[in-house]
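1. when you get a sec, could you give me coordinates for this:
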Amino acid sequence: MNTLRLGTRGSPLALWQANHIAEKLRPVAAPREVELVLIETHGDRDQASALSAMGGFGVFTKAIQSALLDGRADVAVHSLKDLPTIPEEALELVAVPARGPTGDAFISRKHKRFDDLPEGATVGTSSLRRRAQVLNRRPDLTLLDLRGNVDTRLRKLDEQNLDAIILAEAGLVRLGLADRVTEILDASWMLPAVGQGAIGLECRATDSETKRLVEVLRCPETFARVLAERSMLYALGGGCLVPIGATSKVLDGVLTVRGAVLTPDGNRRVVATHTGLATAPLALGQELAAMLIAEGAAELLAS
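-> Residues are numbered from 1 along each chain as shown. Sure thing, here's the model as predicted:
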């Protein structure tokens with residue numbers, strides 16, 4: 001019987017996620033074995049360049065998708081926020097399990113809260129989205145581009161004597177580092193990345209047997225939320241290098257999504273909220289994008 005092979009990056013967080021999915025799939029796939037296939041991505045090889053300078057387009061996912069397409073893997077395990085919204089022909093996003101925490105974590109040894117940072121304080125982040133939202137709130141801060149896995153970034157906080165760094169809450173929780181979180185930033189101004197805290201499981205569109213196994217792991221509420229967020233991002237221009245954030249929730253079958261578009265310098269920000277049935281997430285995301293464009297986001301996207 002064929003082994004079910006999960007394609008994954010080799011970083012500690014990616015391995016945690018892939019092992020988590022493997023554990024959930026083993027009882028479903030039995031008697032088939034489930035194993036991990038480690039794949040190095042462009043983003044893993046180049047640890048020096050800013051993500052925005054690398055094109056930002058599938059730098060952590062394209063190599064794993066290639067392994068799916070050429071048959072080296074059967075399931076791709078992605079951090080969903082890294083997966084471009086423009087679909088790869090012949091592949092399908094089949095399932096997203098229950099989402100982890102979606103927040104952005106402020107980490108500092110010097111200050112108890114983001115709002116306590118003194119003028120000109122130095123904050124490390126690799127994310128264009130976080131950078132723009134920080135500058136929108138505090139244009140006086142100095143931002144430093146920070147690459148590397150979670151442990152590397154935590155080490156740089158100390159080695160470079162930074163005032164603070166900002167990381168995804170989900171990654172810290174999954175790696176047992178929740179005690180390093182100083183404050184979870186308020187999502188009213190620091191909107192998470194589209195798909196943040198979610199794990200995306202992609203399969204070959206023609207592989208009905210693997211899709212049947214993987215679909216068991218789908219969380220309907222999480223799937224609706226991320227489809228709406230990704231639909232909004234796609235309608236705004238896919239994975240274009242513009243700071244875009246989103247929050248979402250489902251309550252009694254009603255899906256609410258809030259989106260924000262900013263200029264990279266944080267000077268301008270457009271926000272909108274839209275509500276609809278959780279059974280029609282793609283339409284809701286498109287409508288939210290149209291609302292943002294009507295509020296002036298098109299000009300920000302063009303610039």
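2. show me how the chain divides into domains.
-> By the assignment in automatic domain parsing, the chain contains the domains 1-97+198-218, 104-184, 219-297.
3. among the ones you listed, which is nearest Leu191?
-> Taking C-beta to C-beta, domain 219-297 is the member of the domains of the chain nearest to Leu191, at 2.8 Å. For the C-beta atoms, the positions are set from N, CA and C on the backbone; glycine is no exception.
4. span of that closest one from start to end?
-> 31 Å (C-alpha to C-alpha, to the nearest Å).
5. got a list of contacts for the top helix by length along the chain?
-> If you go by DSSP state H, the chain has its longest helix at helix 12-29. Applying C-beta atoms under 8 Å, 6 or more residues apart in numbering, the contact partners of helix 12-29 are 4, 6, 8-9, 34-36, 75, 77, 79, 97, 149-151, 171, 174-175, 199, 201, 213-214, 216-217.
6. switch the cut-off to 6 Å
-> Contacts of helix 12-29 from elsewhere in the structure, counted by C-beta atoms under 6 Å, 6 or more residues apart in numbering, are 4, 6, 8, 34, 36, 77, 150, 171, 174, 199, 213, 216-217.
7. tell me the buried residues in it?
-> Using 16 or more other C-beta atoms under 10 Å as the test for burial, helix 12-29 gives 13-15, 17-18, 21-22, 24-25, 29.
8. ranges for the strands of the stretch 101-250 of the chain?
-> 104-107, 122-125, 142-145, 164-168, 183-184, 199-204, 244-251 (DSSP state E, counting those that start in this stretch).
9. would you agree Asp140 is in contact with Glu119?
-> Yes. Using C-beta atoms under 6 Å, Asp140 is in contact with Glu119, at 4.8 Å.
10. re the thing from before, next helix or strand past the longest helix of the chain?
-> Next in sequence after helix 12-29, counting helices and strands by DSSP states H and E, comes strand 34-38.
11. tell me which strands that following strand pairs with, and in which orientation.
-> Here strand 34-38 has these sheet partners by DSSP bridges: strand 4-8 (parallel).
12. pLDDT averaged over the strand it pairs with - what is it?
-> Strand 4-8 shows a mean pLDDT of 97.
13. likewise stretch 222-239?
-> Mean per-residue pLDDT for stretch 222-239: 92.
14. which stretches in the stretch 151-300 of the chain count as helices?
-> Along the stretch 151-300 of the chain, counting by DSSP state H, counting those that start in this stretch, helices occupy 169-174, 208-215, 220-235, 281-292, 298-302.
15. the second one - contacts with which helices or strands?
-> Using 3 or more C-beta pairs under 6 Å, 6 or more residues apart in numbering; DSSP states H and E as the contact test, the elements touching helix 208-215 are strand 91-95, strand 199-204.
16. need those in a markdown table (columns: mean neighbour count, distance to Ala283 and mean pLDDT).
-> As requested, the helices and strands packed on helix 208-215 are exported to a markdown table (neighbours: other C-beta atoms under 10 Å; distance: least, C-beta to C-beta, whole Å; pLDDT from 0 to 100):
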| stretch | mean neighbour count | distance to Ala283 | mean pLDDT |
| --- | --- | --- | --- |
| strand 91-95 | 20 | 17 | 97 |
| strand 199-204 | 24 | 21 | 97 |
